[in-house]
Every structure is written in C-alpha cells, then in structure tokens.
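Undergrad: predicted model follows, preceded by the sequence.
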Amino acid sequence: MHIIIVGGGGVGYELARNLSEKAQDVVVIEKNEIKARRFKEALDVMVIEDNGANATVLEQANIKNADMMIAVTQVDEVNIIACMLAKQYDVPITVCRIRNSGYAGDTSVLTPKQLGIDIVINPERVAAMEISKMLHYPDAAEVEYFNRGKVMMLGVVVGSEADITGIRLCDLPLNPDAIIVGISDHTGKFIVPGGSDIVHPGNKVYLLGKSRTLKDISSMLHHEKTRVNQVSILGGGMIGRQLARLLEDSKQSFTVKLIEKSEERCEELCRELDKTLVIQGDATEIAMLKEEDTDWADAVIAATGDDRNNIVAALLARQFGVKKIICEVMKPQYVPVYNALGIDSVINPRLLAAAQILRLTRKEDIVAFSILQDEKAEVIEIILPESAKVVNIKIAAANLPRGMLIGSIVRNEEVIIPNGNTLLLPDDHLVIFAIPSVSAKLDRYFAPASAKEDREYLRNKLIHIEED
C-alpha cells in the first residue's frame, strides 16, 4: 500500500515506524525541520519537509496513487483540509486526528463524511477509555475486549504466592475457558508459551478467554482482590478531563479528585465536570499530595503530559501506599523505567492510536487490533474467510509459525478455547496472539485467497469496518 502520513509528531512516528517495518510504502509530510530530520535518520520512509494541507505538496507525495491518507498533526484544521484534499484525488481511506469535539461530535454542523474523513481518531479519548477499563479491573495491568465483549484479554503481574507459579502450563489447573497466550519476565523477554513453559513470580502473563471467566481468575494470581472507589487524577489535560467524565458517567460509583497546576485550566474543568473535585496544585510536590490526602486514594492516574513528571508523581503515590498506579507514557523509551520501578500499568496514547489505524492496512478481515504496551506482541481479531488457506483444517495441521497462537474462537455466539484438534471453519471469529516478527505472516494463513489491495478492495474493507 502507498500511505501518506501528514504530521511527524508522536502518533505519526509510531505509525511510520510500524508500517515501514511491515514493508508498506510510506511518505511522511512534516514542515518542522527537526521532526522531519528524525524520520530521515531513523526510518526507511520518504520525507517531504512542507505543509501537508497543500495540494501541490500532496502531489509530490504521489497522492494520485495513494491508498490511504493519515492526517495526525496537532492542528485539527490542517488534518481536516489534508483529508478533504485527499478525497478530491479519490483516496479510498482517509484517517483524521481530531481533538475538538466541535468538528466531529453530535453537535457539529458538518459530519466527518462531509469533511472527507472516513475514520476519526482521538488518542487522548482512547487513552482515557483504556484507563477506565483498568480501573474497573484493577488487578490487571492491561485489559482488552474482543468479539463485542464475549472474549477478554488480561495482562496480569503474577504475585509471589500465586497458585500458578512453578508449574508447567500443561499441568495447570486453569479453567478450560481460559488460556495463557503470553509471558513476559522482568528483563522484557517475551514468549508465546508452550505446554512445558513455567510461570514465575513477577512475570506478566497474558490470559485470553471468556469474559465472565477471566473476571474471577485474579485469585489464582494474587490471593487478593483490589477494589477501586477513590481515584486521584494528576493532570487536567485532555486525558485527565475525559477520564473524569467517563468515571462520572460510570455505573460503578467512583469518588474522583483531579489535581491540575494551571489556574485557568482548573476553572475550565470546574465548569465542565459535575461530580469531580478539581484542585489547583503541583502533583509532583510531596507537600501538595500530603495536603490532599493522596493516601486516601485506591488508584492514582499520572497523566500530566510529561513522562518525568508522571514518574515522580507515581513514585510519590507508591510512597503513600496507593495500590493501583496508572501512568501515561509519551515516549516509548521510558517504558523500561516504569517496569524497573514496578509500575506495570502504563498507557501510551500514541500506540493506541497507531493500533486503531494499523488494522486498516492488513489484508485479513480484521475486526480489532491491539498492540501490547511493551510492543512485544499484537492481538488481532479476524473473521476467517471461506477461501483462506487454513479453512477446514485442524489447528495442529495448519503449521502456524512459532510465536503465533489462536487463543479463542467465537462460532455461532459460542466462545471456544481451541486445541490442536479444533477445526477452523469459515466465518469463525479468531483472536490471534502473535509476536511482531510473525504477525506480518498472518495473511498467508487467514487472508482471502483473492485479496488484492486495489482501491475497490480498500473501499469494501472500509464499509465492513464501518458496519462493525
């Protein structure tokens, strides 16, 4: 595919890196010299140092033959204009980052379609939604849903007294409606396990299975259950505001405090939020946190927009004995720092946004696509087409590469945790766990035999995604 990315910030870089690694033809348009240089030095992509909301510049990027336009600058208006221009060149799929709900909300005068936008992404809102899921299941470091909530994936750090440690996976008394699909240790080593592998204390294990089963499985991993009712949000930016709103609207009763440094922003938040207590102050100052009784909180969310501030705030929260700490991470290179500090729940808005878009670039009929927070694996939900190579074949005979595992099948509304003898049938909903080096090979097994990435194929794919 020929893909044009307008915007060389964090989201644009994450996308360009991932797409170029999967051999896609990528052009990045970024007018800032320093940001443009970063792409030129680090990635195998074409870079145009100019304004992407300009038809002449887009023609330099070969817009006439583009399969996809992804506009992810910090300025909504630039992104919208770039997408409008792309549609004039008949680009099949346009993706637009929009922060201002006035452009894409229920009250906006023009719909996204009228603006030439097929897919709207808002990384901060997606991040807030992910944090909300973690607060509803606080024993997990990561939470994902598949097949409209029937299947769940949990990433959980195993406690020292957990029942599953020191036992081969094939001998575990694990509920048959759940399976361990991944194991990561404290050094960052990651495996898609086999029956002879063993879980050790401190490992992060990834479980996949029926949602109602995984909700009750934490006792095997912790011997305790964390309850979250009192939440402190550190940072009143877009993530903090949207998270507070989500918690206010939640069926579960949360008591929320939000600490923000800017007086002007605090005034805005007070007008927008109904039940949240908004406090002006510096979330990285011990005196401030003591004064606001941070030890009162069951969970602290560090979302200040600055990785170093988030790390300091998280360490202070740890000192106060807070059980659940979730940190926004802007730069992937900081993830090992969080791991070293024992903070296993981190949210990377850029990675979340990239995952939303990357599903559009695959040949398989992808319903959902997630990237683990440490980027060691991808989780893909697909619908198995009748012409795929593995249809009517048992999993053991499919010869899937090492590092790829079918974790669940939903067939006629029934969730199946498969084994080697399970037959793969047309229209099965598969949830597949794969390391990045083999994820690119999925199309050999699960894509339609006749899939051609022409413009009509991409338009049909977009229609199916919109119907989902």
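TA: Thanks, I have it. Predicted, not measured: the structure shown is a model, and the values here were computed from it. Numbering: from 1, shown residues only.

Undergrad: relative to residue 344, how far out is the residue nearest to residue 152 when sequence neighbours are not counted?
TA: Distances taken as C-beta to C-beta, 6 or more residues apart in numbering place residue 211 nearest to residue 152, at 4.2 Å, with adjacent residues excluded. (Glycine included, C-beta is placed from N, CA and C.) Distance, residue 211 to residue 344, using C-beta to C-beta, to the nearest Å: 21 Å.

Undergrad: also residue 120?
TA: Using C-beta to C-beta, residue 120 is found at 31 Å from residue 344.

Undergrad: kindly report the same for residue 308.
TA: Applying C-beta to C-beta, the value for residue 308 to residue 344 is 19 Å.

Undergrad: neighbour count for the two, which is higher?
TA: The neighbour count for residue 308 versus residue 344, taken as other C-beta atoms under 10 Å, is higher for residue 344 (21 against 12).

Undergrad: state the phi and psi torsions of that one.
TA: phi -100, psi -10 (degrees, to the nearest 10).

Undergrad: start at 756 instead
TA: With 756 as the first residue, the last one maps to residue 1099.

Undergrad: that one reaches residue 959, doesn't it?
TA: Yes: using C-beta atoms under 8 Å, residue 1099 makes contact with residue 959 at a distance of 6.5 Å.

Undergrad: state the helix or strand in which the most centrally placed residue in the chain lies.
TA: Centroid-nearest residue in the chain: residue 1107, 3.1 Å away (criterion: C-alpha atoms, centre = their mean). Secondary structure from DSSP states H and E places residue 1107 in helix 1104-1113.

Undergrad: for residue 1189, list each beta-bridge partner.
TA: On the basis of DSSP bridges, residue 1189 is bridged to residue 1133, residue 1159.

Undergrad: from residue 774, how far out is it?
TA: 17 Å.

Undergrad: which of the residues in stretch 917-933 are buried?
TA: Neighbour-count burial for stretch 917-933, counted by 16 or more other C-beta atoms under 10 Å, picks out 917, 918, 919, 920, 924, 927, 929, 930, 932, 933.

Undergrad: distance between the ends of it?
TA: Using C-alpha to C-alpha, to the nearest Å, the end-to-end distance of stretch 917-933 comes to 17 Å.

Undergrad: how about stretch 1090-1106?
TA: 12 Å.

Undergrad: can you point out the buried residues in that stretch?
TA: Neighbour-count burial for stretch 1090-1106, counted by 16+ other C-beta under 10 Å, picks out 1090, 1092-1094, 1098-1106.

Undergrad: then stretch 1192-1202?
TA: Within stretch 1192-1202, the residues scored as buried using 16+ other C-beta under 10 Å are 1193, 1194, 1197, 1200, 1201, 1202.

Undergrad: now do the end-to-end distance for that stretch.
TA: 17 Å.

Undergrad: tell me where the model's unsure across the protein.
TA: Across the chain, the ranges flagged by pLDDT under 70 are 856, 859-863, 973-980, 1118-1119, 1205-1223.

Undergrad: how is it divided into domains?
TA: Here the domain assignment for the chain is 757-876, 894-977, 985-1104, 1139-1222, based on automatic domain parsing.

Undergrad: so can I have CSV of these showing distance to residue 1122?
TA: Shown next, in CSV, are these (distance: least, C-beta to C-beta, whole Å):
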stretch, distance to residue 1122
domain 757-876, 15
domain 894-977, 8
domain 985-1104, 22
domain 1139-1222, 7
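
Undergrad: quick one: closest of those domains to residue 887.
TA: With C-beta to C-beta, the closest approach to residue 887 among those belongs to domain 985-1104: 4.6 Å.

Undergrad: how many other residues sit next to the nearest residue in space to residue 1196 that is not next to it in sequence?
TA: Excluding the flanking residues, the one nearest residue 1196 by C-beta to C-beta, 6+ apart is residue 1156, at 6.1 Å. By the criterion of other C-beta under 10 Å, residue 1156 has 15 neighbours.

Undergrad: one step back: residue 1170: which of the buried residues of stretch 1192-1202 is nearest?
TA: Of the buried residues of stretch 1192-1202, the one sitting nearest to residue 1170 (C-beta to C-beta) turns out to be residue 1201, at 18.7 Å.

Undergrad: any idea how far the closest one lies from residue 1141?
TA: To residue 1141, residue 1201 is 12 Å away according to C-beta to C-beta.

Undergrad: what do you get for residue 1048?
TA: 60 Å.

Undergrad: CA atoms only: put stretch 762-782 into CSV for me.
TA: Provided in CSV are the C-alpha atoms of stretch 762-782 (Å, rounded to 0.1, in the frame of the first residue of the first chain):
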residue,chain,number,x,y,z
GLY,A,762,2.3,15.1,10.8
GLY,A,763,5.6,14.0,12.2
GLY,A,764,4.7,14.0,15.9
GLY,A,765,4.5,11.0,18.2
VAL,A,766,1.5,9.4,16.5
GLY,A,767,2.9,9.9,13.1
TYR,A,768,6.3,8.5,14.1
GLU,A,769,4.7,5.4,15.7
LEU,A,770,2.7,4.8,12.5
ALA,A,771,5.6,5.3,10.1
ARG,A,772,7.9,3.0,12.1
ASN,A,773,5.3,0.2,12.3
LEU,A,774,4.2,0.5,8.7
SER,A,775,7.7,0.7,7.3
GLU,A,776,8.7,-2.4,9.3
LYS,A,777,5.9,-4.2,7.6
ALA,A,778,7.2,-3.2,4.1
GLN,A,779,4.5,-0.6,3.3
ASP,A,780,5.3,2.3,1.0
VAL,A,781,5.2,5.3,3.4
VAL,A,782,5.6,9.1,2.7
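
Undergrad: and it, which residues are buried?
TA: 762-763, 765-775, 779-782.

Undergrad: and the closest residue to residue 1078 other than its chain neighbours, helix, strand or coil?
TA: Residue nearest to residue 1078 in three dimensions, not counting chain neighbours: residue 981, with 5.4 Å by C-beta to C-beta, 6+ apart. Three-state assignment for residue 981 (DSSP: H, G, I helix; E, B strand; the rest coil): coil.

Undergrad: please enumerate the strands of the stretch 856-1005 of the chain.
TA: Per DSSP state E, counting those that start in this stretch, the stretch 856-1005 of the chain carries strands over the ranges 874-876, 897-901, 906-912, 933-939, 945-946, 959-965, 985-989.
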